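Let me see the structure of the following:
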Amino acid sequence: MTGFKNITAAELVTMMQQPGLKLIDVRTDAEVVRGMIPQGVALPLHLLPLRLSELDKNVTTVFYCQMGGRSAQAAAFVAANGFADVYNLQGGITAWAHAGLPVA
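Next comes the predicted model:
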């Protein structure tokens, strides 16, 4: 049991229309400057354990990275720390951009 669910870019678009969603970009600062998903908040993966207390365990949380690997690690980590509603964007921002969705 991973404790999180993988979602597609299309599923994320639907979820982003719901209030209270937290979208977290776990890529490095150098990657983030090349563009990120609107509504996303940068929190590099290596800082997640140090800043976990800043996140709300009761809010729907979606993680993404470049291809989906690091964000899956982040999702598994927070799920193991008591977060209930956790998702990973399969294919990361690459899948998002390939779907023709906006990158800011």
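
Now do the SS call for the spatially most central residue of the chain.
Residue closest to the average C-alpha location in the chain (CA atoms, centre = their mean): Phe63, at 1.3 Å. Assigned with DSSP: H, G, I helix; E, B strand; the rest coil, Phe63 falls in the strand class.

Give me the nearest residue to it, chain neighbours excluded.
Spatially, and ignoring its direct neighbours in sequence, Phe63 is nearest to Ser71 (3.8 Å; CB to CB, 6 or more residues apart in numbering). To be clear about C-beta, it is placed using only N, CA and C from the backbone, and glycine gets the same treatment.

is it true that that neighbour touches Leu23?
No - taking contacts as CB atoms under 8 Å, Ser71 lies outside contact range of Leu23: 10.5 Å.

More neighbours: which of those two?
In terms of neighbours (other CB atoms under 10 Å), Ser71 is the more surrounded of Ser71 and Leu23; the figures are 28 against 20.

that older thread, would you confirm that the residue nearest to the centre of the chain contacts Ile24?
Yes - using CB under 8 Å, Phe63 is in contact with Ile24, at 5.1 Å.

Overlap of the contact sets of the two?
Ala74 (CB atoms under 8 Å, 6 or more residues apart in numbering).

can you list residues touching both of Ser71 and Leu23?
Shared contacts of Ser71 and Leu23 (CB under 8 Å, 6+ apart): Tyr64.

I'd like the distance between the closest residue to Gly82 other than its chain neighbours and Val86.
Leaving out its chain neighbours, the residue that sits closest to Gly82 by CB to CB, 6+ apart is Lys57, at 5.3 Å. In this structure, Lys57 and Val86 are 9 Å apart, going by CB to CB, to the nearest Å.
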